[in-house]
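1. coordinates only, sequence not included:
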């Protein structure tokens, strides 16, 4: 029997405002937030542009027989959409949780396949940041050339404008940046 592989659906265009405000705040401890959302945009370096098909949102899929984290959904989707490894791509992710060690390893392997791809990851929260295995995963991403940072006001506004069904509502930061300073300092400490 063949081992299970991620079979991601097409990415969502956008998420609703409640989902954004519930799942994306910079929180030290985020009780009840078991889903991970990954907002992405892919730019081709030849024209530094992207269209609607080059951006979207993935959410982790959890089934009792197998799991597919949001990062794995993106990697599988990208390989299907962009099979040419000699083109240049700039990929940006906005994550509600930082990658787990397994996903970090898979991203590093992906970057070895796509040597002409640069990846920037802006994460709202650090997943098990006190655990050495999770810290090591972040360091492996950093060592592979991934730009890592905690989502700032500008990142939240960008997500609101591009990945949220905001119905013309103005962006309000509410409590999105509650633990930003702590998380940013913690990430810098991990990457040092």
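-> Thanks, I have it. Being a predicted model, the structure only gives us computed values, none of them experimental.

2. Could you give me the buried positions within the strand or helix carrying residue 182?
-> Assigned by DSSP states H and E, residue 182 belongs to helix 180-191. Within helix 180-191, the residues that count as buried by 16 or more other CB atoms under 10 Å are 180, 183, 184, 186, 187, 190. Every C-beta, even on glycine, is put in place using the N, C-alpha and C of the backbone.

3. For that helix, name the packing helices and strands.
-> Where contact means 3 or more CB pairs under 8 Å, 6 or more residues apart in numbering; DSSP states H and E, helix 180-191 is packed against helix 132-143, strand 147-150.

4. Contacts for the helix or strand just after the last one, please.
-> Right, strand 147-150. Next helix or strand after strand 147-150 toward the C-terminus (DSSP H and E): helix 153-163. Identification of contacts with helix 153-163 by CB atoms under 8 Å, 6 or more residues apart in numbering yields 14-15, 20, 24, 39, 41, 55-57, 94, 122, 151, 166, 171, 173, 176-177.

5. Where helices are concerned, which of those count?
-> Members of those lying in helices (criterion: DSSP state H): residue 20.

6. Just the closest of the buried residues of helix 180-191 to residue 81, please.
-> residue 187 (29.5 Å; CB to CB).

7. ok so, going back, pull the most distant pair out of the buried residues of helix 180-191.
-> Distance extremes for the buried residues of helix 180-191: the farthest pair is 180 and 190 at 15.7 Å, using CB to CB.

8. thinking again about what came up before, contacts for the helix holding residue 182?
-> Helix 180-191 is contacted from outside by 26, 28, 125-126, 129, 135, 138-139, 142, 148-152, using CB under 8 Å, 6+ apart.
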